[in-house]
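Visitor: Show me how the following folds:
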Amino acid sequence: MCIRDSLRGYNPQDFVLFAYGGAGPTHCCDYADHIGIKKIIIFPFSPVFCAFGSSSMDVVHFYEQTMRIPLITPMTMQYFTDYEKFNRVVETLQEKALKDLTGEGFTPESVIFNLELEMKFGGQLHTLRVLSPRLFLKSEEDVKAIYEAFEREYSERYSPFAVYPQGGVEILSFILRATAPTSKPQLPVYPKKEAIPPKKASKGTRDVYWGEYGGFHKTPIYEQMFLEHGNIIEGPAVIEAESTTTVLPPGWKLSVDKYLNLILEKEG
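Guide: Numbering: from 1, shown residues only. Coordinates of the predicted model:
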């Protein structure tokens, strides 16, 4: 692949779409069609997807300190050697993090630290925040590892032609991420039923307007809370829940997996 193509980003058609929020399941097939995505996942808790995530995620704190450090000296290409100066910044941020997290009830041993560095090539305007492969510096190899991580990401972001170590490399700021892991909920797994249209969940039919038909069309209506693992619904259909409505247009198929996720797939 040429450099020009590598800078164009990712093709949405290569991805699976997650539809969440109260309105996400209602409109997801329409905008998936628009961008060419053929598979969608709707979670049982889609209307409160963000709240579920925020209540079950790890506790993360960020601590930042500005400090200019010449990782590579311009022209001479010499690597930084004052490891203590680098390490003092990290230790200071760690102390702040541990004070806060132990105050929240976490033990120091449970906290995981990751270091990000905001860096730039000398003489260039672009800065880039890079995940550092080293938390502390102990040798020239550690300095090289940080530079190589920066060069790799910078090359991917701005192209290899923008890489210019001869101008030097500067660290501008330190960002310490302190993570306190939390226990994660275990989602229930449901036994598989027959892969048939869900009679138990059927609410009858209703006239629904579909652009594909150019007017109203008698459409099956289902209650989502009664769907079971293994059920299959062919569009057009409407699946109603307490806090959202899934619209399944013609040409789409819905299946229910073992977690009661709704898996929508474009047929053909």
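Visitor: for this protein, what spans make up the helices?
Guide: 3-6, 24-35, 49-56, 83-103, 140-158 (DSSP state H).
Visitor: Pull out the buried positions in the second one.
Guide: By neighbour count with 16 or more other C-beta atoms under 10 Å, helix 24-35 contains the buried residues 24, 25, 28, 29, 32. Every C-beta, even on glycine, is put in place using the N, C-alpha and C of the backbone.
Visitor: List just the nearest of those residues to residue 244.
Guide: Closest approach between the buried residues of helix 24-35 and residue 244, by C-beta to C-beta: residue 25, at 5.0 Å.
Visitor: For residue 78, give its distance to residue 141.
Guide: Look at residue 78 and residue 141: by C-beta to C-beta, to the nearest Å, they are 15 Å apart.
Visitor: Minimum distance to residue 179: which of the helices of the chain has it?
Guide: Comparing the helices of the chain by C-beta to C-beta, helix 83-103 comes nearest, at 9.1 Å.
Visitor: From the contact counts, what lies against the closest one?
Guide: Counting contacts by 3 or more C-beta pairs under 8 Å, 6 or more residues apart in numbering; DSSP states H and E, helix 83-103 packs against strand 59-72, strand 112-121, strand 169-180.
Visitor: for residue 266, what are its contacts?
Guide: Residue 266 sits next to 32, 33, 37, 38, 39, 251, 252 when contact means C-beta atoms under 8 Å, 6 or more residues apart in numbering.
Visitor: Report the beta-bridge partners for the fifth one.
Guide: Taking DSSP bridges, one obtains residue 265 as the residues bridged to residue 39.
Visitor: And it, what's its pLDDT?
Guide: Here, the pLDDT recorded for residue 39 equals 97.
Visitor: same question, the first one
Guide: Per-residue confidence (pLDDT) for residue 32: 94.
Visitor: how close does the residue of the chain most remote from its centre get to residue 148?
Guide: Largest separation from the mean C-alpha position in the chain: residue 76, at 40.3 Å (C-alpha atoms, centre = their mean). Separation of residue 76 from residue 148 (C-beta to C-beta): 19 Å.
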